[in-house]
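>>> pasting the structure only:
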């Protein structure tokens, strides 16, 4: 007859304590990685380097650099498109970096726990 209730794996309550310690360790590692991430900066370019955008780990734009040749008062739409492309690429790269940093800690669990 199957045993009901109790702890999975034979009813050893110590396993739950170990699991909680691992969860606390992972939480601490994630907090440390988040702090490191805040200091990280990623720069992306568009238009062959004519527009350069730097984004922080907080996903805030910290710098925009424009080459003189891209500033054409008769073609503002091109400049707008290049700035948007560089910003989107910088944000995409920061998101990718952030995901890789967290997956190193969680072991690919997606930030969750397998229970």
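Cool, got the structure. Remember, it's a predicted structure, so these values are computed and weren't measured experimentally. Residues are numbered from 1 along each chain as shown.

>>> on the three-state scheme, residue 58 is what?
Three-state assignment for residue 58 (DSSP: H, G, I helix; E, B strand; the rest coil): coil.

>>> that one and residue 83, how far apart?
Separation of residue 58 from residue 83 (Cβ to Cβ, to the nearest Å) stands at 20 Å. For every residue, glycine as well, the C-beta is placed using N, CA and C.

>>> who has more neighbours, the two?
Under the criterion of other Cβ atoms under 10 Å, the comparison of residue 58 against residue 83 puts residue 83 first, with 19 against 11.

>>> surely the more buried one and residue 53 touch.
Yes. Between residue 83 and residue 53 there is a contact under Cβ atoms under 8 Å: 7.1 Å.

>>> got any residues that touch both of those two?
Common contacts of residue 83 and residue 53 (Cβ atoms under 8 Å, 6 or more residues apart in numbering): 46, 64.

>>> quick check: longest helix in this protein by residues?
Secondary structure of the chain per DSSP state H: the longest helix is helix 76-106.

>>> list the buried residues of that helix.
If you call a residue buried by 16 or more other Cβ atoms under 10 Å, then helix 76-106 has these buried ones: 79, 82-83, 85-87, 89-91, 94, 98, 101-102, 105.

>>> quick one: the residue most central in space within the chain from residue 30, how far?
The chain has residue 98 as the residue nearest its centroid, 2.0 Å off, counting by Cα atoms, centre = their mean. To residue 30, residue 98 is 11 Å away according to Cβ to Cβ.

>>> also residue 96?
From residue 96 to residue 30 the distance is 17 Å (Cβ to Cβ).

>>> who's in contact with stretch 51-59?
36-46, 61-67, 70, 79, 82-83, 85-87, 89-91, 93-95, 98.

>>> stretch 63-80 now?
The set of residues external to stretch 63-80 that reach it, using Cβ under 8 Å, 6+ apart, is 43, 47, 49, 50, 51, 52, 53, 54, 82, 83, 86.

>>> fine by me, we can end here.
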